[in-house]
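Asker: Quick one: sequence and predicted model below, then my questions.
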Amino acid sequence: MISFTARTNSVTAKLRCAVLPIAFVLLVPTLLHAADNPPAEPLRFRTAIDLALQHSGVMGIAAANQLHSRKAYEEVKNHYLPQLTAGSGLGYSVGFPLTLEGSAPSVFNFTSTQSLFNLSLRQFLKAAKIDWNASSFDVQDKRAEVILDTALSYAQLVNLSGKLNTLTEARKSAEKAQFVTEQRLNEGVDSKLDLTKAQLTTARIRLRIADAQGQQDVLREHLAKLTGLTPAEIQPDPESMPQLPLISQEDDLAARAATNSPLVKLAEQKADAAAARAKGDLNLDPQTLAEINALLIQSERKLTRDAGQPTRPWYKHMIYAPGAYTGYAVKTIPAVREAIEESKWQDADQGAVIVGQVLMSEASLVDSIAQELEQAEGPPPAKPAAQEPSAQVSQPKQQSGK
């Protein structure tokens, strides 16, 4: 008995000596990998916002557009700076020198060109400067979009993390309740139906956990793309979330949003730039521009008639109006179209005359506006007269050699 026990202990010792090196070899790579990849630190809210702004492609495009607007403004502004050109007419030639109108070639020439006073150029310069200023509002708007996207994703991820913790505790409680129900069923206290209900409750909680984990993975992937990190490094810190500001019921949030919105300011700047560019294209004085705008206001009114439609005088527009049997659906030139549809040919002829008069009035107004614009812009530059070819043909002299 003693010898058998001694042999057993010696075999066990030998096995330990053989297994320990193998276990050590297998555990060393795992320990080294854990040392090289320590657990990710929590990603704070402010850090996520800063990383998203640094890695945002939308912000890069907005910054490039701002730089483009600045260069466009500088290009227009350079017209007021002297453009210097220096050169020389000296050169080596063989044979007769080619000169301009018989004059000697210039040793050194110097040319300077610049714009001193140009009304159209002033408006274009103003429009370019407005566009440059507007690009800053575009950058602010894109920055706000990136911050909002990152903040909402981060907040949803924090909410899902808390939800998963709660669901995990609920799953443990449901599994305990299911185990207790199984024991009570074995003892004959509970029925099979009670066990089925407990299993169904556990399955529902597990399904909700799987759904929450899927949403969490999607948000981690989205935040990883925004911040430039890997999904494994996205570990939100609930304590870093800032508190929401208090909102009073008396605050007019819509008015404040419209006043402080960079997008609204951008639209206003774009409208001002378009107006300045239009003035530069037309080059009209304020009085003439006001007269033309007044005529343009009348252009739509010329398509109306005080007597209204022949069968419905309360509709004044002759080009389009709601159909007689179509509710609010519009019909074009209803005085003619509806008469033709109802085979009232005499009414169709009368409607055609009325519509023709309205269109002729509109055409005369358009012609008057065109004449106003032509007079304001001045006559077109005269084309240089084409030079007729000379009728004399010079013939080369012929020398006869003896």
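Answerer: Here it is on my side, so go on.
Asker: Low-confidence ranges, the stretch 1-150 of the chain, go.
Answerer: Applying pLDDT under 70 to the stretch 1-150 of the chain picks out residues 1-40, 88-108, 110, 117.
Asker: where exactly do the helices run in the protein?
Answerer: Here the chain has its helices, by DSSP state H, at 2-36, 45-55, 57-77, 119-186, 192-227, 253-260, 262-282, 286-301, 334-341, 345-377.
Asker: Now render the ones you listed as TSV, adding distance to Ile234 and mean neighbour count.
Answerer: C-betas here are computed from N, CA, C, even on glycine. TSV is the format used below for the helices of the chain (distance: least, CB to CB, whole Å; neighbours: other CB atoms under 10 Å):
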stretch	distance to Ile234	mean neighbour count
helix 2-36	20	9
helix 45-55	8	17
helix 57-77	19	15
helix 119-186	7	17
helix 192-227	4	16
helix 253-260	30	10
helix 262-282	29	16
helix 286-301	57	12
helix 334-341	63	20
helix 345-377	61	14
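Asker: Turn these into TSV, including distance to Tyr320.
Answerer: Listed next are these as TSV, based on distance: least, CB to CB, whole Å:
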stretch	distance to Tyr320
helix 2-36	74
helix 45-55	50
helix 57-77	40
helix 119-186	35
helix 192-227	48
helix 253-260	33
helix 262-282	28
helix 286-301	11
helix 334-341	7
helix 345-377	11
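Asker: per-domain residue ranges of the chain.
Answerer: 11-82+115-242+259-283, 286-376 (automatic domain parsing).
Asker: The shortest one: how far from the chain's middle?
Answerer: When you say that, I think you mean domain 286-376. Between the centre of domain 286-376 and the centre of its chain there are 39 Å (CA atoms, centre = their mean, to the nearest Å).
Asker: Over to the first one?
Answerer: Relative to the chain's own centre, domain 11-82+115-242+259-283 is displaced by 19 Å; criterion: CA atoms, centre = their mean.
Asker: Tell me which residues are up against stretch 224-242.
Answerer: Contacts with stretch 224-242, where a contact means CB atoms under 8 Å, 6 or more residues apart in numbering, come from 40-46, 48, 51-52, 54-56, 146, 149-150, 153-155, 157-158, 161-162, 217, 220-221, 223.
Asker: thinking again about what came up before, including distance to Asn109, could the domains of the chain go into a markdown table?
Answerer: Formatted as a markdown table, those follow (distance: least, CB to CB, whole Å):
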| stretch | distance to Asn109 |
| --- | --- |
| domain 11-82+115-242+259-283 | 15 |
| domain 286-376 | 40 |
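Asker: So which of the ones you listed is nearest Leu253?
Answerer: Leu253 sits nearest to domain 11-82+115-242+259-283 of all the domains of the chain, at 10.5 Å, using CB to CB.
Asker: what does the average pLDDT come to for stretch 339-355?
Answerer: The pLDDT scores in stretch 339-355 average 89.
Asker: scratch that, stretch 183-197
Answerer: In the prediction, stretch 183-197 has an average pLDDT of 87.
Asker: Tell me which residues are up against it.
Answerer: Residues contacting stretch 183-197 (CB under 8 Å, 6+ apart): Gln178, Thr181, Glu182.
Asker: Can you tell me which of those is nearest Gly308?
Answerer: Taking the contacts of stretch 183-197 together and measuring to Gly308 by CB to CB, the closest member is Gln178, at 79.3 Å.
Asker: Leaving out chain neighbours, which residue sits closest to that closest one?
Answerer: Counting by CB to CB, 6 or more residues apart in numbering, Ala198 is the residue found nearest to Gln178 once chain neighbours are left out, at 4.2 Å.
Asker: cool, and Leu167?
Answerer: Ile209 (4.8 Å).
Asker: Over to Phe124?
Answerer: Gly280 (4.6 Å).
Asker: And stretch 248-256, end to end?
Answerer: Length of stretch 248-256, first residue to last, CA to CA, to the nearest Å: 13 Å.
Asker: from the chain's centre, how far out does it sit?
Answerer: On CA atoms, centre = their mean, the centre of stretch 248-256 falls 28 Å from that of its chain.
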